[in-house]
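1. my questions are about this predicted structure, shown below with the sequence.
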Amino acid sequence: MSTLLKIDAVSIQLSGDLIVDRLSLSLEPGDIGCLLGPSGCGKTTLLRAIAGFIPVSSGQVELHGKTVSSGRVQIPTEQRQVGMMFQDFSLFPHLTVADNIRFGINRLPKKQQEERVKELLIRIGLNGYQNRYPHELSGGQQQRIALARALAPKPKLMLLDEPFSSLDAELREVLAHDVRRLLKEEGITALLVTHDQQEAFAMADKSGVMYSGQLLQWETPYALYHQPTHQLVADFIGRGVLLNGEIREHQLHCAFGIIEHSQLHNKPDMSVNFLVRPDDVLINNDSSMQAIVVGCGFRGSHYLYTLELADTSHVLAVGPSHQPLKTGEQIGIDIDFDHLVVFDSSLCELPD
Ligand SMILES: Nc1ncnc2c1ncn2[C@@H]1O[C@H](COP(=O)(O)OP(=O)(O)OP(=O)(O)O)[C@@H](O)[C@H]1O
């Protein structure tokens, strides 16, 4: 099957400013992609260009092998078969749930409309709600209906821009799982923009971090977390710290002592920053490597500790939620790097 969405070296200028800078990514049919990144990095602008609301200045957007946007081509939004669910895309208040869902398929024969509405209501867990009005629904139910409305015409591609940002954390998580299941059941390819990494990890097959209009990495959520290829991605995704070290003869000399790792075998001698995730630090009081607990945050299922090492640098560690460690306590730790991620500290922050 051919690639469903291909964005090839797309740049977008708005009011003379370069907002998206030579960005490339692709999605295979049925994949869910997710764009993360700090506020103002250009995520929404990219979605708007894919939808056809704004033109690209160079590069091209292909849907199902057909160019829909380029410097010369601009296929109108309504011919792109793209569904959209944006944060401010509210339901029509004067229409019932069924009429809201039916909105984009009102040219189909009545019977087919009824069947599609019923099928979607069952899939979103709101069978029996067809005659209600939006004001008679909770926020989460309204978002489900908005999703059903967007999915009703069976778009080739769904674009979701912060669709759950107005909902509380617990509901967001439930909806993220439900929406993923629904998109997979319907076989619809989707590109989601969110600030919430947990949401991205829960939903995405492929995920990426944008920064100043550039896409720094486009990978599985697992690789983005464990094998970031850029310091800004390492810093932005998940918890962790970057510590200084020196690679000498394929060994890392750092606050933990001398570390050997297969990922150092092909590295030349250099000064590096290396990534330490909380899951790399194991609390073990039999260990001779000592650290002092300088911070302690209760997270319900676990504690997140800030530990000070002998050279005063800080790392994070996770401990069980019962029998917490106390601030000021001296403990033993082991370091267990499954993936050792090192960055040449002399390299600049952004790719050119
Ligand atoms: N119509 C416009 N004209 C000029 N600049 C614009 C326009 N729309 C957006 N911008 C600018 O483009 C940049 C990227 O905006 P965009 O909304 O794409 O960011 P974002 O990554 O989606 O941010 P957020 O996460 O806060 O929604 C911002 O600096 C914004 O001010």
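-> It's in.
2. can you tell me how far residue 310 sits from residue 328?
-> For residue 310, the distance to residue 328 equals 16 Å [Cβ to Cβ, to the nearest Å]. C-betas here are computed from N, CA, C, even on glycine.
3. among these two, which residue is more densely surrounded?
-> More crowded of residue 310 and residue 328, by other Cβ atoms under 10 Å: residue 310, with 12 against 9.
4. shouldn't the more buried one be within a helix?
-> No - the assignment for residue 310 by DSSP: H, G, I helix; E, B strand; the rest coil gives coil, which leaves it out of any helix.
5. quick check: it touching residue 254?
-> No - the pair residue 310 and residue 254 does not pass the contact test of Cβ atoms under 8 Å, sitting 11.1 Å apart.
6. just give the closest residue to residue 216, not the sequence neighbours.
-> residue 230 (4.5 Å; Cβ to Cβ, 6 or more residues apart in numbering).
7. and the one you found, how many neighbours?
-> Here the neighbour count serves as a burial measure; for residue 230 (other Cβ under 10 Å) it reads 18.
8. now residue 333
-> In terms of burial, residue 333 registers 22 neighbours under the definition other Cβ under 10 Å.
9. how about it, phi and psi?
-> In this entry, residue 333 is assigned phi and psi values of phi -130, psi 150 (degrees, to the nearest 10).
10. and residue 103, by the same measure?
-> phi -50, psi -50.
11. now do the helices in this protein.
-> For the chain, helices defined by DSSP state H occupy the ranges 43-51, 97-102, 110-123, 139-151, 169-186, 197-203, 221-226, 231-236.
12. how about the residues of the chain by the ligand?
-> Taking Cβ under 6 Å from any ligand atom as the test, the list of the chain residues beside the ligand reads 14-15, 17, 19, 37, 39-45.
13. show the contacting residues for the nearest residue to residue 214 once chain neighbours are set aside.
-> Distance criterion Cβ to Cβ, 6+ apart; nearest residue to residue 214, sequence neighbours excluded, is residue 21 at 5.0 Å. Contacts for residue 21 (Cβ atoms under 8 Å, 6 or more residues apart in numbering) come out as 11, 42, 212-214.
14. show the pLDDT at the closest residue to residue 305 other than its chain neighbours.
-> Taking Cβ to Cβ, 6+ apart as the measure, residue 305 lies nearest to residue 317, with 4.8 Å between them; neighbours along the chain are not counted. Per-residue confidence at residue 317 stands at 95 (pLDDT).
15. residue 317 touches residue 333, doesn't it?
-> Yes - in this structure, residue 317 is within contact of residue 333 by Cβ under 8 Å, at 6.8 Å.
16. common neighbours of the two, please.
-> Between them, residue 317 and residue 333 have 281-283, 307 as joint contacts when contacts are counted by Cβ under 8 Å, 6+ apart.
17. what is the nearest of those to the ligand?
-> The nearest member of the shared contacts of residue 317 and residue 333 to the ligand, counting by Cβ to the nearest ligand atom, is residue 281 at 31.3 Å.
18. what bridges to the closest one?
-> residue 335 (DSSP bridges).
19. likewise for residue 210?
-> Applying DSSP bridges to residue 210 yields these beta-bridge partners: residue 215.
20. what's the neighbour count on it?
-> By the other Cβ under 10 Å criterion, the neighbourhood of residue 210 contains 25 residues.
21. equivalent analysis for residue 224, please.
-> Close neighbours of residue 224, defined as other Cβ under 10 Å, add up to 28.
22. put the buried members of the shared contacts of residue 317 and residue 333 into a ChimeraX selection.
-> With 16 or more other Cβ atoms under 10 Å as the burial test, the buried ones among the shared contacts of residue 317 and residue 333 are selected in ChimeraX as follows:
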select :281,283,307
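23. out of the shared contacts of residue 317 and residue 333, what pair is the most spread apart?
-> Using Cβ to Cβ, the two most remote members of the shared contacts of residue 317 and residue 333 are 282 and 307, lying 11.3 Å apart.
24. identify the contacts common to the two.
-> Common contact partners of residue 282 and residue 307 (Cβ under 8 Å, 6+ apart): 317, 333.
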